[in-house]
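S.K.: take this sequence and fold it.
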Amino acid sequence: MRENNLFFSIIVPTYNRPRQIVSCIESLSRLNYPQAWFEVIVVDDGSRIPVQSLIASFYDKMNLTVITQKNAGPSMARNAGAKYAKGDFLAFTDDDCMPARDWLQKLSLRFKSSLGCSIVGRTVNALEENIFDTASQTLLEYLHAYYNQNLEQARFITSNNLSLLAKEFEAVGGFDTDFSSAGGEDREFCEHLRHHGYEIIYAPEVVVHHLHGLTFSSFWRQHFNYGCGAFLFRQKCFNNRRQRVRLEPLNFYLELFLYPSAHNHKQSVLKLSVLLLISQVANTFGYLSKRI
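M.R.: Down below sits the predicted model:
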């Protein structure tokens, strides 16, 4: 373990998002953290346009590496990046995210006071004018509020703003590669950490900005995929740990639909509540599609 600055390996999986990955890497080049104390590992998950050429101009601005693999999903990509990483700490984000300039500074402070814990940060919607992005972000905020009421014992994580010791990532076996698309792998990894006795801290001051750019079609598809992932997650919980995932009470959904009215969103509260309802319908269809 290094004594002064903490050395981070930032891992970014990417697939067919050329514009977003350039913005992501540009934001990482502006981090207010010594360049000698972090590396960036981009894992190109079989994109049509090779990522290496898109971000070539950043090689002289940071310690940047690009790994390529056949399309296998974000879980496999994150594991590939972690295997290559040289840092004591792994910091995961996604290609459609832009970490705040003080991201690594805040993480460093947290780890120095809570070594041995995993840190999940706060994701902020960067496209507030997009109501579909706002609806997805509202759902995310609600889940953090519901599951992470005790900030020192978080039960909900997102892999676009997650950091932990590299040796702990290896100890729990990384992300489950049976999750071949985005959705469910975060929950499964969270359960792995907790099952192995690792504490998770929710640190809202550790911020990344998220640029979904959703349409109604992609919004539906996103939450349908989350439902598919939820089905696999429930199967995994029973098969691996012989425990069933408890269904949330009706009050959970009632509070979800009322959540926008209590949080002063710029978008229409009614429209957001309707979209949250649609997200749960899509989730249910995704879940049932795997059960049939």
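S.K.: how far does the longest helix seen in the chain sit from its chain's centre?
M.R.: Counting residues, the longest helix found in the chain (DSSP state H) is helix 216-241. Remark: helix 216-241 is offset 15 Å from the chain centroid, using CA atoms, centre = their mean, to the nearest Å.
S.K.: same deal with stretch 121-138?
M.R.: Between the centre of stretch 121-138 and the centre of its chain there are 14 Å (CA atoms, centre = their mean).
S.K.: what mean pLDDT does that stretch get?
M.R.: Averaged across stretch 121-138, pLDDT comes to 94.
S.K.: got the buried residues for it?
M.R.: Using 16 or more other CB atoms under 10 Å as the test for burial, stretch 121-138 gives 121-127, 130-138. Glycine gets a C-beta too; all of them are placed from N, C-alpha and C.
S.K.: next: stretch 75-83.
M.R.: Residues of stretch 75-83 classed as buried: 75-82 (neighbour count, 16+ other CB under 10 Å).
S.K.: what lies in contact with that stretch?
M.R.: Identification of contacts with stretch 75-83 by CB atoms under 8 Å, 6 or more residues apart in numbering yields 9, 11-15, 41-43, 45, 67, 69, 90, 92, 159, 166, 169-170, 174-180, 185.
S.K.: any regions of the stretch 1-150 of the chain where pLDDT drops low?
M.R.: Applying pLDDT under 70 to the stretch 1-150 of the chain picks out residues 1-4.
S.K.: would you map the strands across it?
M.R.: Secondary structure of the stretch 1-150 of the chain, counting by DSSP state E, counting those that start in this stretch: strands at 8-14, 38-44, 64-68, 89-92, 97-99, 118-125.
S.K.: would TSV of these with distance to H223 be doable?
M.R.: Converted to TSV, those look like this (distance: least, CB to CB, whole Å):
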stretch	distance to H223
strand 8-14	20
strand 38-44	25
strand 64-68	30
strand 89-92	22
strand 97-99	19
strand 118-125	16
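S.K.: wait, F252 touches A145, no?
M.R.: No. With contacts counted by CB atoms under 8 Å, F252 stays clear of A145, the gap being 11.4 Å.
S.K.: where along the stretch 151-292 of the chain do the strands fall?
M.R.: 162-165, 200-210.
S.K.: for the buried residues of stretch 121-138, which one is nearest L109?
M.R.: Of all those, G121 has the smallest distance to L109: 12.2 Å, by CB to CB.
S.K.: apart from its neighbours in sequence, what residue is nearest that closest one?
M.R.: Counting by CB to CB, 6 or more residues apart in numbering, G121 lies nearest to V206, which is 3.1 Å off, once chain neighbours are set aside.
S.K.: picking that back up, which other helices and strands contact the longest helix of the chain?
M.R.: Judged by 3 or more CB pairs under 8 Å, 6 or more residues apart in numbering; DSSP states H and E, helix 216-241 is in contact with helix 131-147, helix 185-195, helix 269-291.
S.K.: any chance of JSON lines for the ones you listed, columns distance to M98?
M.R.: Output for the helices and strands packed on helix 216-241, formatted as JSON lines (distance: least, CB to CB, whole Å):
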{"stretch": "helix 131-147", "distance to M98": "14"}
{"stretch": "helix 185-195", "distance to M98": "19"}
{"stretch": "helix 269-291", "distance to M98": "23"}
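S.K.: looking at the ones you listed, which is nearest to R234?
M.R.: The nearest among the helices and strands packed on helix 216-241, by CB to CB, is helix 269-291 at 8.4 Å.
S.K.: tell me how far the closest one is from the chain's mean position?
M.R.: The chain centre lies 20 Å from the centre of helix 269-291; the measure is CA atoms, centre = their mean.
S.K.: now do that helix: which elements does it pack against?
M.R.: Against helix 269-291 (3+ CB pairs under 8 Å, 6+ apart) you get helix 131-147, helix 216-241, helix 250-258.
S.K.: tally of neighbours for A36?
M.R.: Using other CB atoms under 10 Å, the number of residues around A36 comes to 9.
S.K.: report the contact partners of it.
M.R.: A36 makes contacts with N63, as judged by CB under 8 Å, 6+ apart.
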